[in-house]
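# my questions are about this predicted structure, shown below with the sequence.
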Amino acid sequence: MNKDSNFIEYISPNVAAKKLGIAVTTLRKYSSLIEKTSGNKSYFNRDSNNSRLYTNSDVSVLKRVVALKVRPDFSLEKSIKQALSENDVSDVSDTDTRFESDTSNDMQSIQDDKIKKYESLINQLIESNLKLSDQLEVAIVKLENHDKKLLELEQSSPDKVSIFNRIFKKK
């Protein structure tokens, strides 16, 4: 944005979504909710095709929404209300840095929690697999012993007639 002139630089939804690190459809959803929450259907400027156009200030508000939304105690609606109620989004360069810092700190703690949960699950799976492996080895040994006993019985009494043959003996 040129500071010497009094014009506002608008960016397309694609560029805004890239700056925010979200999908265009997500940006559209957030923008719609911002318009609904603010009660201002013209919150964002639009081009001749009725597509939303975003200013750096709009992107800063959306960055704040994204940063708040990742917190466990913030729903999307609550994040939007909080971001709209904050009055310190006028200095875009300062807020951009703060929002990125908030987002990375929030994301890092969430990622750490998820990593700990996954490590715990992996350890449980390893323990479960070891128990199953031990049970399988015991079952194999029992089966081998059973097979040996059957072979011994067959070899020790070849003359004996089975009960089936005695009942249905051919004459």
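Perfect, I can see it now.

# next, the closest residue to S51 other than its chain neighbours: phi, psi?
Once flanking residues are discounted, S51 sits nearest to P13: 6.5 Å by CB to CB, 6 or more residues apart in numbering. (C-beta placed from N, C-alpha, C; glycine too.) Backbone torsions of P13, given as degrees, to the nearest 10, read phi -60, psi -40.

# now for A17, how many residues are close by?
As a burial measure, A17 scores 21 neighbours (other CB atoms under 10 Å).

# isn't it right up against A23?
Yes - look at A17 against A23 with CB atoms under 8 Å: they come within range, at 6.3 Å.

# picking that back up, correct me if wrong: the residue nearest to S51 contacts N50.
No - if you go by CB under 8 Å, P13 and N50 don't touch, sitting 11.9 Å apart.

# tell me which of these two has more neighbours.
Higher neighbour count among P13 and N50: P13, with 17 against 6, using other CB under 10 Å.

# which residues touch that one?
Neighbouring residues of P13 by CB atoms under 8 Å, 6 or more residues apart in numbering: 24, 27-28, 51-52, 54.

# for the protein, which spans come out with low pLDDT?
Within the chain, the segments meeting pLDDT under 70 span 1-6, 87-106, 157-162, 169-171.
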